[in-house]
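Undergrad: Need a 3D model of the following:
(chains A and B)
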Amino acid sequence: MARTISTRRTAVVTLCAWIVALVIFFPILYTIITSFKSEAEAIQGFNLIPSGTVESYVEVQTQKDYFKPFMNSVILSLGSTVLALLVSVPAAWAMAFSPTKRTKDILMWMLSTKMMPAVAVLVPIYLIFRDTGLLDSRIGLTVMLMLINLPIVVWMLYTYFREIPGEILEAARMDGASLWGEIIYVLTPMAVPGIASTMLLNIILAWNEAFWTIRLTTTNAAPLTAFIASFSSPQGLFWAKLSAASTLAIAPILVMGWFSQKQLVRGLTFGAVK
Amino acid sequence: MGKIVLRKVNKSFGNTAVIPGIDLAIEDGEFVVFVGPSGCGKSTLLRLIAGLEDTTSGTIEIDGRDVTDTAPAQRRLAMVFQSYALYPHMSVRKNIAFPLKMAKLPQEQINKKVEDAARILNLTNYLERRPGQLSGGQRQRVAIGRAIVRQPSAFLFDEPLSNLDAALRGSMRLEISELHHQLNTTMIYVTHDQVEAMTMADKIVVLNAGNIEQVGSPLDLYRSPRNLFVAGFIGSPKMNFVSGSYAQAHSAVTVGVRPEHLVLSRESGEWHGTVTVAEHLGADTYLHVQVDGIGLITARASGEFAVKHGDSVFITPDRSRIHRFDANGNALA
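TA: I've put the predicted structure just below:
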C-alpha cells in the first residue's frame, strides 16, 4: 500500500517537474519553432507547427555575417573568463584561507555592486570608454565583462575553497611543500571541480550579457547579442529572421550547457547541503 | 636528535594573549603530553612549535637552532592532525610518499620507505586505496605513516585519537606508545583526555589559560599536584575538594582527597552519607555520596561493594593521602 502511494507521489512530482521545466524552456522552444517558419507564418499568431522552411537561416546568413559576431562572442566570453579567474583565484584564496576581520564585509560589498542597476553607471562608463578609445573594442569589452561577473566568480570560488579543510594545506606545509608545491599538488587538484564549474558559469553569463555588449559596440567588437538586436531594425520586425538569429546565437551555449549540466548543477549547489 | 626549547614564547591575537609567556624544555626522545581543558592554548602551543602560527615574542629552538622565524617545512618536524588531513585525491601510497616527493628523493628510495612504513603500520594491503575508502583507524595510521617516513626530529600529534571510538582509541594509544619505543624520537602529543596523558607520557605539561600549571611525570602530578587546578584535572574520577571546618582542622583552606583514597564501610567511619548514584563498572563501583555536613563526595569502591541509590554508607579518608591547599589554591607542604 505504502509502495503504491509513493509511486503515485513520484509520478505526480515528476509530472510537475516536467511542466515547470517546459514552462521555463518554452520561450526558447518557441524561438526555435518560429525560426523554421516563413515571415508570413510567423506573424500570423500562435502556432506550434512550423512549415519547416530554412529560408530565415539562409537570409540571416546572407544578409549579415554570422561568423564575426560568433567569434567575438567566443573571444569575449573566454577572454573575460580567463581574466576573471586570474584575478579571482588569488582573491578567493586569500579570503578563504587567511581571512581578516573585514573579509565578510568585502564579500558583501562586492555582491552589493551586482544589486545596482547597470543603467545607473551607463553614462560614466560610456564616457570613459569613449575618452580612452575603448568603444567597440574587444579589449575594452573583455575587461568590462570580466568586471561585471567578478563578484559572482569570487563568491563561487570562495565557497569552493572554503570547503577545502585548512588542515590539509597545513599538512602539506608540514610535509615540506613550498607555496607552489601546495598549490600544484594539493589545492588545485582538490579545487578543479569548483574552478571548472565557475568557468562554465562565467562563460554562459558573458555569452548572454546584452546590456553592455549592445551599448558599447557597433561593428568591430559586436558579439551575437548585438547580432540579434540588429534584426529589430527600423524596417520593422521580422520574427522569423529574429528567431533564426537568436537560435544561432544561443545554440553554441545551449550545446555546451547540455554537456556540462552535471558539473554546473554541482557547482551551483556546492556547499548548500552538507 | 629532537631537543626542543621554548623561551618566553608569547602568542597574542590582537589584545588577547592566548599564551602569555611559556618557558619549556623538551628532551630528545621524550614523550611529552600537553594536557588541559578546551581553549587552554595547548593546540596553539603545538602549532607555534610546528611553525603554523607565528610567535608574537620569544624564541623556539630545535636542537640548538633558533627556528622562531623558520617555515614549517624547514623545522624537520612531522605532524599528525586531529582530522588526519590526508590528501583525498591521492592513494594511500601517494599520501605517504608526499613528503618524500617534496624532498625530491629518488623514486626507488621513496618506494622502499613507503613500503617499510606500510609494513610497520599494517597498511600494505591498502596502499592503492584512497583515504575515503578507509576506516577511521586506518586513516589515522596513514597519517602516522606520512609522518614517520620523513624521519623527523620530532613528531607532533594534535588530538589524534579524538575522532575514534573508545575501543579503537585504546588500541591506537598502545600503537603510538609502541611506535615511540621503536623509533625513540621526541613526540609531543596534545590531548584534553587526562587518561591519554597519564598512560602515554614520560612528561606531562598541564596547561590552563595559556599558562603552564605544572610539568612532571604522570605519577608526580598524581601524587603531588602543585595546585587545585592540577589536582582536579589529573586523576579519574576527579579529586574531591572539601573546605570549611574539615579543612581548617587540617590547617588548610581546602583539602583534597581522591575517590580511590576513601575507605567505605556499611557499619562505621569518619563521615556518614547517603548514596545518590552508584555506577557499577564491574571491577569498580563509583559512588556519589551526599555526606552530612560536607557535601557531594565521589568514592571508588571495589566492584563487590553492593550498594544502591538511597543506601547509607560510612566513608573514611586515608589521612596520609590528603592534599592540602591554601587560599590561593596552591598546595601546602
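Undergrad: quick check: longest helix of chain A.
TA: Secondary structure assigned by DSSP state H gives helix A:2-35 as the longest helix of chain A.
Undergrad: now for that one, which elements pack on it?
TA: If you count contacts as 3 or more Cβ pairs under 8 Å, 6 or more residues apart in numbering or on different chains; DSSP states H and E, helix A:2-35 packs onto helix A:239-259. Where C-beta positions appear, they are placed from N, C-alpha and C, glycine not excepted.
Undergrad: Against B:Ile110, how distant is A:Ile253?
TA: Between A:Ile253 and B:Ile110 the computed distance is 46 Å (Cβ to Cβ, to the nearest Å).
Undergrad: how close does the residue nearest to B:Tyr246 when sequence neighbours are not counted get to chain A?
TA: Nearest residue to B:Tyr246, sequence neighbours excluded (Cβ to Cβ, 6 or more residues apart in numbering or on different chains): B:Ile294, at 6.4 Å. For B:Ile294, the distance to chain A equals 47 Å [Cβ to the nearest Cβ, to the nearest Å].
Undergrad: cool, and B:Pro160?
TA: 12 Å.
Undergrad: Look at that residue and report its pLDDT.
TA: We have a pLDDT of 90 for B:Pro160.
Undergrad: Equivalent analysis for B:Asp165, please.
TA: B:Asp165 is given a pLDDT of 85.
Undergrad: So for it, what's the nearest residue that isn't a sequence neighbour?
TA: Nearest one to B:Asp165, counting by Cβ to Cβ, 6+ apart, is B:Gly136 at 7.6 Å.
Undergrad: returning to that earlier point: give the burial count for the residue nearest to B:Tyr246, as a bare number.
TA: Residues lying near B:Ile294 (other Cβ atoms under 10 Å in any protein chain shown) number 19.
Undergrad: same thing with B:Ala73?
TA: By other Cβ under 10 Å, the residues close to B:Ala73 number 20.
Undergrad: just A:Gly133 next, same as before
TA: A:Gly133 has 9 nearby residues by other Cβ under 10 Å.
Undergrad: and it, what helix or strand is that in?
TA: Using DSSP states H and E, A:Gly133 maps to neither a helix nor a strand.
Undergrad: So it versus chain B, what's the distance?
TA: 47 Å.
Undergrad: Contact partners for that residue?
TA: Taking Cβ atoms under 8 Å, 6 or more residues apart in numbering or on different chains, we find A:Gly133 in contact with no residue.
Undergrad: For it, grab phi and psi.
TA: In terms of degrees, to the nearest 10, the main-chain angles of A:Gly133 are phi 70, psi 30.
Undergrad: could you point out where chain A is predicted with low confidence?
TA: Low-confidence segments of chain A (pLDDT under 70): A:1-5, A:233-236, A:266-274.
Undergrad: A:Leu254 versus the spatially closest residue to A:Ile250 that is not a sequence neighbour, what's the distance?
TA: The shortest distance from A:Ile250 to any non-neighbouring residue, by Cβ to Cβ, 6+ apart, is to A:Ile28 (6.9 Å). Counting by Cβ to Cβ, the gap from A:Ile28 to A:Leu254 is 8 Å.
Undergrad: same deal with B:Ala201?
TA: 65 Å.
Undergrad: Of the two, which one has the most company?
TA: B:Ala201 (23 against 14).
Undergrad: The residue nearest to B:Tyr246: what's it in contact with?
TA: B:242, B:246, B:271, B:273.
Undergrad: Please tell me I have it right and the third one contacts B:Val291.
TA: Yes - contact between B:Trp271 and B:Val291 holds when scored by Cβ atoms under 8 Å: they sit 4.7 Å apart.
Undergrad: what do these two both touch?
TA: Counting by Cβ under 8 Å, 6+ apart, the residues touching both B:Trp271 and B:Val291 are B:297, B:315.
Undergrad: okay, whichever residue of the stretch 101-250 of chain B sits closest to chain A: pLDDT?
TA: The stretch 101-250 of chain B approaches chain A most closely through B:Met102 (4.0 Å), counting by Cβ to the nearest Cβ. In the predicted model, B:Met102 carries a pLDDT score of 92.
Undergrad: okay but it is in contact with A:Asp175, surely?
TA: Yes - using Cβ under 8 Å, B:Met102 makes contact with A:Asp175 at a distance of 5.7 Å.
Undergrad: out of these two, which sits in the busier spot?
TA: Using other Cβ under 10 Å, the more surrounded residue of B:Met102 and A:Asp175 is A:Asp175, with 28 against 19.
Undergrad: ok, the more buried one to B:Ile120 distance?
TA: 18 Å.
Undergrad: got it, and B:Asn15?
TA: 47 Å.
Undergrad: the more surrounded of those two?
TA: Each of B:Asn15 and B:Ile120 has its neighbours counted (other Cβ under 10 Å); B:Ile120 has more, 18 against 5.
Undergrad: What is the burial count for residue 7?
TA: Picked chain A for this. Count around A:Thr7 with other Cβ under 10 Å applied: 10.
Undergrad: actually chain B
TA: Neighbours around B:Arg7, by other Cβ under 10 Å: 16.
Undergrad: B:Gln82 too?
TA: Neighbours of B:Gln82 (other Cβ under 10 Å): 16.
Undergrad: Three-state assignment for B:Leu207, please.
TA: In terms of secondary structure, B:Leu207 is strand; the call rests on DSSP: H, G, I helix; E, B strand; the rest coil.
Undergrad: Check B:Val215 too.
TA: strand.
Undergrad: B:Ile204 touches B:Tyr222, doesn't it?
TA: No - taking contacts as Cβ under 8 Å, B:Ile204 lies outside contact range of B:Tyr222: 9.5 Å.
Undergrad: any chance you could map the helices in chain A?
TA: Using DSSP H, the helices of chain A run over A:2-35, A:39-43, A:55-63, A:67-97, A:103-112, A:122-131, A:138-162, A:166-174, A:179-181, A:188-208, A:211-215, A:224-229, A:239-259, A:261-269.
Undergrad: on that earlier part again, without its sequence neighbours, what residue ends up closest to the residue of the stretch 101-250 of chain B closest to chain A?
TA: Closest to B:Met102 by Cβ to Cβ, 6+ apart is A:Gly176, at 4.0 Å.
Undergrad: ok, now how distant is the one you found from B:Asp116?
TA: Counting by Cβ to Cβ, the gap from A:Gly176 to B:Asp116 is 19 Å.
Undergrad: Then B:His288?
TA: Note on B:His288: its distance to B:Asp116, by Cβ to Cβ, is 51 Å.
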